[in-house]
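Undergrad: Please work out how this folds:
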Amino acid sequence: MTFLPYALAAWIFIVGLYGVVTSRHFVHLVICLGIAQSSTYVLLLAIGYRTGKKAPIFTSGVPARVGAVDPVVQALTLTDIVVGVTVAALLLALAIDIWKRAGTVDPDQIRKDRR
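TA: Below you'll find the predicted structure:
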């Protein structure tokens with residue numbers, strides 16, 4: 001068992017989190033959130049991977065000697081992707097609405113205008 005996929009997932013999450021913290025633009029913030037969420041894809045697939053196992057696509061049951069990777073983890077990863085795209089679309093729609101109302105997508109500028 002190797003720790004490389006877990007380290008990769010942690011690195012991707014840290015890069016995305018750094019982008020979220022330093023973001024000065026709402027669209028950039030949404031992109032960085034997507035990067036941080038992509039670390040969960042790597043993590044889920046690393047958890048479900050089994051060395052030497054095949055994809056869980058069989059026509060007549062799972063042969064005992066071959067085995068398969070866990071299909072539940074793959075389904076969770078697909079669900080995670082769908083939820084991520086939905087959240088990104090909602091946040092981008094909110095960013096467009098903020099831009100229409102405030103004329104900017106810079107959070108600091110919006111705070112200054114509210115005072």
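Undergrad: where in the chain is pLDDT low?
TA: 1, 58-59, 61-66, 114-115 (pLDDT under 70).
Undergrad: can you point me to the longest helix in it?
TA: helix 71-102 (DSSP state H).
Undergrad: Who are the packing partners of it?
TA: helix 26-48, helix 107-114 (3 or more C-beta pairs under 8 Å, 6 or more residues apart in numbering; DSSP states H and E). Heads up, the C-betas are built off the backbone N, CA and C, glycines and all.
Undergrad: Throw these into a markdown table and include distance to residue 15 and mean neighbour count, thanks.
TA: Formatted as a markdown table, the helices and strands packed on helix 71-102 follow (distance: least, C-beta to C-beta, whole Å; neighbours: other C-beta atoms under 10 Å):
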| stretch | distance to residue 15 | mean neighbour count |
| --- | --- | --- |
| helix 26-48 | 6 | 18 |
| helix 107-114 | 20 | 11 |
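Undergrad: closest to residue 88 out of these?
TA: helix 26-48 (5.5 Å; C-beta to C-beta).
Undergrad: that older thread, now the longest helix of the chain: buried residues?
TA: 73, 74, 76, 77, 80, 84, 91, 95, 98 (16 or more other C-beta atoms under 10 Å).
Undergrad: What angle do helix 26-48 and it make with each other?
TA: Per axes from the mean of the first three to the mean of the last three C-alpha atoms, to 10 degrees, the angle that helix 71-102 makes with helix 26-48 is 170 degrees.
Undergrad: Surely residue 53 is in contact with residue 73?
TA: No. Using C-beta atoms under 8 Å, residue 53 makes no contact with residue 73, being 11.9 Å away.
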